[in-house]
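1. Build me a structure from this.
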Amino acid sequence: MMSEAFVAFVRFEEKLLLLKRSEQSEYFSGLWDGVWGVGATPEEVLDRVASSTGIPVESLHYHGSGPERGIDMGGSLVDVIPVLVVADTEDVEPAGIYTNAEWIDPGNLKEFRCIFSDIDMENAEGLFREMYGSVGAFLYIVKTAINSEQRVANEMHARLHGSGSMTSLQGEIMSILHPTAMRGYVFVESSAQHHVEKLIGRSGGRDPSARRGLNQSPLKNAKNVLPGEAPLQDILPYLIPKAVTSGIEVGCIVEIVTGAFKGEKARITSVAESKEEVSMELYEQVIPMTLNMRGDHVRVIERVGE
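-> Numbering: from 1, shown residues only. The predicted structure follows:
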């Protein structure tokens with residue numbers, strides 16, 4: 001059973017919905033919010049989200065809730081529970097106490113002044129992000145030694161799924177990613193940064209006083225967690241593999257980098273992206289030859305128009 005007050009965080013694909021409260025709102029006027037409401041069942045939550053956003057109830061899906069937080073609401077302590085709702089549409093018409101709506105990258109949430117930031121409580125500025133993290137997730141970047149990325153990722157996974165104390169983080173660490181195109185970094189999807197720091201044995205970050213007295217085993221070649229949440233839009237290009245023919249056009253001059261013709265130069269005559277192959281003509285040969293090769297067996301040394 002949920003506590004009465006809740007904040008519903010609405011997601012559409014990879015975006016998070018923020019609603020801005022009117023300047024006349026009794027509490028948190030002019031601040032960004034999820035959907036604030038009172039209710040004890042998923043149905044009541046969805047009804048409240050629908051009435052505040054204009055999204056039909058049938059396009060909303062209750063995903064789950066996180067631990068409640070005690071919020072000081074002007075002299076009285078109110079238990080507020082975070083809830084995650086997934087929408088099938090991004091068409092929003094804010095209503096009631098809300099005047100504006102914006103879909104954002106969760107990694108940019110810190111750039112918005114949200115509810116709770118104006119109350120006199122410890123970590124009030126980050127409380128809204130913390131509540132979202134407990135039902136959603138953020139991306140964090142672990143800096144590693146060059147060429148140690150996969151070993152670090154493997155060791156993080158082993159710690160998480162081994163038999164030691166780190167197994168308690170399984171509900172807080174959702175995924176560990178090592179894009180091959182990104183050297184010196186590993187991406188971790190987690191509810192909060194301190195969980196990632198604990199996993200690599202570097203709780204307290206780089207502050208020696210914060211680490212003093214902590215019993216932890218630093219993970220070799222994992223240097224630190226970069227501060228703050230990483231915007232997904234900055235990371236996606238590294239998560240989506242590029243075709244091996246990417247950047248190769250008809251007319252480009254390439255150098256063959258492997259095989260019997262290694263070091264030879266050729267002009268591209270066609271590109272077959274579906275097969276990840278290129279056709280080329282070796283123009284420095286006495287008798288010109290045409291070859292078909294995989295796109296990653298050549299490198300572009302002169303582009304069309306250069």
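2. Please make it C-alpha for all contacts and neighbour counts, starting now.
-> Noted.
3. Run through the helices of the stretch 51-200 of the chain in chain order.
-> For the stretch 51-200 of the chain, the helices defined by DSSP state H, counting those that start in this stretch occupy 124-133, 149-160, 193-199.
4. could you dump the ones you listed to JSON lines with mean neighbour count, distance to I176 and mean pLDDT?
-> As requested, these are arranged in JSON lines below (neighbours: other Cα atoms under 10 Å; distance: least, Cα to Cα, whole Å; pLDDT from 0 to 100):
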{"stretch": "helix 124-133", "mean neighbour count": "20", "distance to I176": "16", "mean pLDDT": "92"}
{"stretch": "helix 149-160", "mean neighbour count": "18", "distance to I176": "7", "mean pLDDT": "93"}
{"stretch": "helix 193-199", "mean neighbour count": "20", "distance to I176": "10", "mean pLDDT": "94"}
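5. Settle this for me: L84 is touching V135, isn't it.
-> Yes - if you go by Cα atoms under 8 Å, L84 and V135 touch, sitting 5.8 Å apart.
6. which neighbours do the two share?
-> G64, S65 (Cα atoms under 8 Å, 6 or more residues apart in numbering).
7. how about the helices of the stretch 51-200 of the chain in JSON lines, adding distance to W32?
-> As requested, these are exported to JSON lines (distance: least, Cα to Cα, whole Å):
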{"stretch": "helix 124-133", "distance to W32": "10"}
{"stretch": "helix 149-160", "distance to W32": "35"}
{"stretch": "helix 193-199", "distance to W32": "22"}
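8. and of the ones you listed, who's closest to D47?
-> helix 124-133 (20.0 Å; Cα to Cα).
9. quick one, what contacts E44?
-> V38.
10. Give me the three-state assignment for it.
-> helix (DSSP: H, G, I helix; E, B strand; the rest coil).
11. Following element in sequence after the helix or strand encompassing P237, please.
-> Here P237, judged by DSSP states H and E, is contained in helix 232-239. Next helix or strand after helix 232-239 toward the C-terminus (DSSP H and E): strand 253-256.
12. and this structure, what are its domains?
-> The chain breaks down into these domains under automatic domain parsing: 5-133, 138-239, 253-302.
13. Those: which one's closest to S246?
-> Among the domains of the chain, domain 253-302 comes nearest to S246, with 8.0 Å by Cα to Cα.
14. Between the two ends of the closest one, what distance do you get?
-> One end of domain 253-302 sits 5 Å from the other (Cα to Cα, to the nearest Å).
15. now stretch 151-169
-> One end of stretch 151-169 sits 20 Å from the other (Cα to Cα).
16. in this protein, what secondary structure element scores lowest on mean pLDDT?
-> When each helix and strand of the chain is scored by mean pLDDT, DSSP states H and E, helix 208-211 comes last, with a mean of 51.
17. Quick check: next helix or strand after that helix?
-> Counting by DSSP H and E, what follows helix 208-211 is strand 222-225.
18. quick one: strands adjacent to that next one?
-> Its sheet considered, strand 222-225 pairs with strand 138-144 (antiparallel) by DSSP bridges.
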